[in-house]
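Enquirer: The following block contains a protein sequence and its predicted model.
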Amino acid sequence: MWNFLLAFIPRAIVQGIPLLYGSTGEIVTEKSGNLNLGIPGVMYVGAICGVIGSFFYEHSIPEGASMNGVLAILIPMVCCLLGSLLMGILYCFLTVTLRANQNVTGLAMTTFGVGFGNFFGGSLIKLVNSDVPSIALSATSGFFSKSLPFAAKLGWFGKLFLSYGFLAYLAVAVALAASYILNHTRIGLHLRAVGENPSTADAAGINVAKYKYVTTCIGCMIAGLGGLYYVMDYACGVWSNDAFGDRGWLAIALVIFTIWRPNLSVLASFLFGGLYILYLYIPTGMDHMEYQELYKMIPYVVTLVVLVVTSIRSKRESQPPARLPVSPKPSGNWGF
């Protein structure tokens, strides 16, 4: 049993890190009253932008020369953040400035993001004349996935807690920082006021549009890092079109599961990561492979149960921001 846990928990954690980035970014966004269903597309764009930056940096290094570790990390991260930021600006321009329907805009951005990633990913694959439909950026990936040098010497403790790349620890730090800012700072108070009642916040002198733009863009950049982590760390630098799966949607489900609390997302993301790969550890036999598809539904079923329970309890702290557009019908001066 112990050996099973030592193998299962690290895999659950690395599966959960992209979900943690995506859910944290979406929680920050939703606290402003914006429902961004484009998070899957944002994560996809963040991933491909990081891949593009890494690709051109790797191919700019003369043969036999060593790579600069700082640039190998910095260039993909900057490209990822810029791509995700542009997606956030586009979403805000459409929904905040032009007052477009948030649900439709988010779904359109997901479709756009996936198409954008597949187009440029396919272009890079053709550029290198690869025999397989993927490209490998193993040199850059090595800097992202490098764990602490003394982790292997600490036995099970090192394997469970210290054997991950720096982006994994950054995800936890970002989630905890977001939780503190939202609940213990004046900025967080103003942001929650914007999400609960933008008209009242506007009357109190809070720049509603500014808060919506800034927090949504920050949320998109956080989510984009989840896509970068998936490619550069989890997938060992290998990009394949459509390989990201449904992780973006699972991150949105995680927002509901954690009742809009970034600090709860830390452990919940690891739980979802474990549920996501649980089917690999449940024997079904060759005659009943279809059961695996049922096991893949477990995270969503758990989310539905939590949604029902929190709705029945009707506690205010367990509910989404009051102006979050759960229906397309607008209300108030800000279209929510």
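Expert: Yep, it's here. Numbering: from 1, shown residues only.

Enquirer: CA only for contacts and neighbour counts going forward, please
Expert: Noted.

Enquirer: Strands of the chain, start to end?
Expert: 135-136, 238-239 (DSSP state E).

Enquirer: Please give the centre-to-centre distance between the first one and its chain.
Expert: Mean C-alpha position of strand 135-136 versus that of the full chain (C-alpha atoms, centre = their mean, to the nearest Å) differs by 22 Å.

Enquirer: packing partners for that strand?
Expert: Judged by 3 or more C-alpha pairs under 8 Å, 6 or more residues apart in numbering; DSSP states H and E, the packing partners of strand 135-136 are strand 238-239.

Enquirer: ok, and what's touching the strand it packs on?
Expert: Outside strand 238-239, the residues that touch it by C-alpha atoms under 8 Å, 6 or more residues apart in numbering are 51, 121, 134, 135, 136, 137, 138, 231, 232.

Enquirer: Swap in 10 Å and give it another go.
Expert: Strand 238-239 is touched from outside by 47-48, 51, 117-118, 121-122, 124-125, 133-138, 141, 230-232, with contacts defined as C-alpha atoms under 10 Å, 6 or more residues apart in numbering.

Enquirer: swap in stretch 161-168?
Expert: The contact list for stretch 161-168, computed with C-alpha under 10 Å, 6+ apart, reads 9-10, 13-14, 16-18, 20-21, 141-152, 154, 156-158, 169, 173, 225-226, 228-230, 232-234.

Enquirer: Of these, grab the buried ones for ChimeraX.
Expert: Command for ChimeraX, covering only those of these found buried under the criterion 16 or more other C-alpha atoms under 10 Å:
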select :9,10,13,14,16,17,18,20,21,141,142,143,144,145,147,151,158,225,226,228,229,230,232,233,234
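
Enquirer: Of the strands of the chain, which is nearest residue 187?
Expert: strand 238-239 (37.9 Å; C-alpha to C-alpha).

Enquirer: Is it correct that residue 278 is in contact with residue 296?
Expert: Yes - counting by C-alpha atoms under 10 Å, residue 278 touches residue 296, with 7.8 Å between them.

Enquirer: Could you point out the longest helix of this protein?
Expert: helix 2-31 (DSSP state H).

Enquirer: just the buried members of the contacts of strand 238-239?
Expert: 47-48, 51, 117-118, 121-122, 124-125, 134-138, 141, 230-232.

Enquirer: Show me the contacts of strand 238-239 that map onto helices.
Expert: Short answer: these in helices (DSSP H) are 47, 48, 51, 117, 118, 121, 122, 124, 125, 138, 141.

Enquirer: out of these, which one sits closest to residue 64?
Expert: Of the ones in helices among the contacts of strand 238-239, the one sitting nearest to residue 64 (C-alpha to C-alpha) turns out to be residue 138, at 15.4 Å.

Enquirer: count of neighbours near the closest residue to that closest one other than its chain neighbours?
Expert: Using C-alpha to C-alpha, 6 or more residues apart in numbering and skipping residues adjacent in sequence, the residue nearest residue 138 is residue 237, 5.2 Å away. For residue 237, the count of nearby residues is 25 (other C-alpha atoms under 10 Å).

Enquirer: dump the residue contacts of the residue nearest to residue 198 when sequence neighbours are not counted.
Expert: Closest residue to residue 198 apart from its sequence neighbours, by C-alpha to C-alpha, 6+ apart: residue 208 at 6.4 Å. Residues in contact with residue 208, defined by C-alpha under 10 Å, 6+ apart, are 32, 96, 190-191, 193-195, 197-202, 334.

Enquirer: again, only using 8 Å
Expert: Residues in contact with residue 208 (C-alpha under 8 Å, 6+ apart) are 194, 198, 201, 202.

Enquirer: does residue 92 really touch residue 211, like I thought?
Expert: No - if you go by C-alpha atoms under 8 Å, residue 92 and residue 211 don't touch, sitting 10.6 Å apart.

Enquirer: And these two? Which one has more around it.
Expert: Neighbours were counted for residue 92 and for residue 211 using other C-alpha under 10 Å; residue 92 has more, 25 against 20.

Enquirer: do you know how far the more buried one is from residue 196?
Expert: 18 Å (C-alpha to C-alpha, to the nearest Å).

Enquirer: same question, residue 299
Expert: Distance of residue 299 to residue 196, computed by C-alpha to C-alpha: 28 Å.

Enquirer: Check residue 88 too.
Expert: 21 Å.

Enquirer: Looking at those two, which is more packed in?
Expert: The neighbour count for residue 88 versus residue 196, taken as other C-alpha under 10 Å, is higher for residue 88 (26 against 19).

Enquirer: Got the confidence number for that one?
Expert: Per-residue pLDDT puts residue 88 at 97.
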